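> Test case, fold it:
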Amino acid sequence: QLQLVESGGGEVQAGGSLRLSCAASGRLFESYALGWFRQAPGKERSFVAGISRSFDLTAYADSVKGRFTISRDNAKNTLYLQLNSLKPEDTAVYYCAAKAVPTATTIPPANPNYNYWGQGTQVTVSS
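Numbering: from 1, shown residues only. Prediction:
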């Protein structure tokens with residue numbers, strides 16, 4: 001069992017930055033690949049970024065490449081998402097998620113087939 005709690009959301013002007021955190025409690029955090037998803041009003045939940053269990057292998061949605069950075073600190077049981085050069089279209093509720101994967105180098109998928117989810121944190125970008 002893994003519990004995930006996001007924080008760090010808020011309102012920012014276009015071009016600004018935010019850092020989201022996802023604190024995990026429970027066992028074996030380091031056994032899970034992790035991802036960030038987002039959901040804007042009236043839209044489906046979509047993949048933002050993912051990171052492997054170890055070796056910091058990452059994947060990003062095309063819309064955020066070069067602007068967002070995913071990272072994790074297994075010693076602190078925490079996942080991060082640095083959001084830079086924010087745009088109004090980045091406005092959404094951001095969710096962290098954990099997926100059990102067989103190897104340390106497996107990058108989690110872009111589909112929402114994950115084992116655990118946080119409750120979400122709102123990011124609002126004004127123009």
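> Now do the strands in this structure.
Taking DSSP state E, the strands of the chain run over residues 2-7, 10-13, 18-26, 32-39, 46-51, 58-60, 68-73, 78-83, 92-100, 116-117, 121-126.
> Tell me which of the ones you listed is the most buried.
strand 32-39 (a mean of 24; mean count of other Cβ atoms under 10 Å). No exception for glycine: its C-beta is placed from N, CA and C like everyone else's.
> who are the neighbours in contact with the residue nearest to the spatial centre of the chain?
Taking Cα atoms, centre = their mean, the centroid of the chain lies closest to residue 36, which sits 2.2 Å from it. Contacts for residue 36 (Cβ atoms under 8 Å, 6 or more residues apart in numbering) come out as 20, 22, 47-50, 70, 79, 81, 94-97.
> List the beta-bridge partners for it.
For residue 36, the beta-bridge partners under DSSP bridges are residue 49, residue 96.
> Check the spacing between it and residue 57 real quick.
According to Cβ to Cβ, to the nearest Å, residue 36 stands 15 Å off from residue 57.
> Go through the contacts of residue 36 and say which is closest to residue 113.
Within the contacts of residue 36, the smallest distance to residue 113 is 9.5 Å, found for residue 97 (Cβ to Cβ).
> tell me the contacts of the closest residue in space to the closest one that isn't next to it in sequence?
The shortest distance from residue 97 to any non-neighbouring residue, by Cβ to Cβ, 6 or more residues apart in numbering, is to residue 114 (3.9 Å). By Cβ under 8 Å, 6+ apart, the residues touching residue 114 are 35, 97-99, 108.
> do the same with residue 19
Going by Cβ under 8 Å, 6+ apart, residue 19 touches 8, 80-83.
> Across the sheet, point out what pairs with it.
Beta-bridge partners for residue 19, by DSSP bridges, are residue 82.
> repeat for the one 4 residues further on
Taking DSSP bridges, one finds residue 5, residue 78 as the beta-bridge partners of residue 23.
> How about the contacts made by it?
Residue 23 makes contact with 4-5, 7, 77-78 under the criterion Cβ under 8 Å, 6+ apart.
> likewise residue 12?
18, 86, 123-126.
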